[in-house]
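K.L.:
Sequence plus predicted model, see below.
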Amino acid sequence: MFQGAAALNLDAKGRMSIPARHRDALVLQCEGRITLTRHPHGCILLFPRPVWESHREQIAAWPMNARAWQRIFLGNASDVDMDGAGRILIAPELRHAVGMDRDVMLLGMGTHFEIWDAAKLAENEAQALAGGMPETLSNFSF
């Protein structure tokens, strides 16, 4: 299970270093083979390849009236491999599609990660907090 946040920077070529605590798990789980794709909320999803392959099969089976959503998820998917230094290249098309600049946040979301432009994530979280807790969480407590 991936969890936690890491503030990272993209280099001039659009590469991002995976934090060591996650890098080791990704090497064990999928030999550093990763799939990136666009999420409509404005981030990039990072999946270990075996997890992505399960999602890809489900998405490919969606009915014709979901074709636009297939394009978002499948049409933007990109298979990448971690290099020897634990970096991945985020394609310019994906970075542009989500408005990603240099400062990014990597968020562990259980079976996968979200990669956000740092400023966009801060704005998104502020809006969520200002909107209050959704009704579906009304019975949740720590």
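P.N.:
Now that the structure is in, tell me what you want to look at. The structure presented is a predicted model; accordingly, all values stated were derived computationally and were not measured.
K.L.:
tell me the contacts of the residue nearest the centre of the chain?
P.N.:
Taking CA atoms, centre = their mean, the centroid of the chain lies closest to L45, which sits 2.1 Å from it. Shown in contact with L45 (CB atoms under 8 Å, 6 or more residues apart in numbering): 36-39, 112-115. To be clear about C-beta, it is placed using only N, CA and C from the backbone, and glycine gets the same treatment.
K.L.:
Share the number of residues neighbouring the nearest residue to H112 once chain neighbours are set aside, please.
P.N.:
With sequence-adjacent residues excluded and distances taken as CB to CB, 6 or more residues apart in numbering, H112 is closest to F47, at 4.6 Å. F47 sits with 21 neighbouring residues when counted by other CB atoms under 10 Å.
K.L.:
May I ask which helix or strand encompasses F47?
P.N.:
Assigned by DSSP states H and E, F47 belongs to strand 43-48.
K.L.:
One more: L26?
P.N.:
According to DSSP H and E, L26 maps onto helix 20-30.
K.L.:
could you give the angle of that helix to strand 43-48?
P.N.:
50 degrees (axes from the mean of the first three to the mean of the last three CA atoms, to 10 degrees).
K.L.:
Show me how far helix 20-30 is from its chain's centre.
P.N.:
Relative to its chain's centre, helix 20-30 lies at 15 Å (CA atoms, centre = their mean, to the nearest Å).
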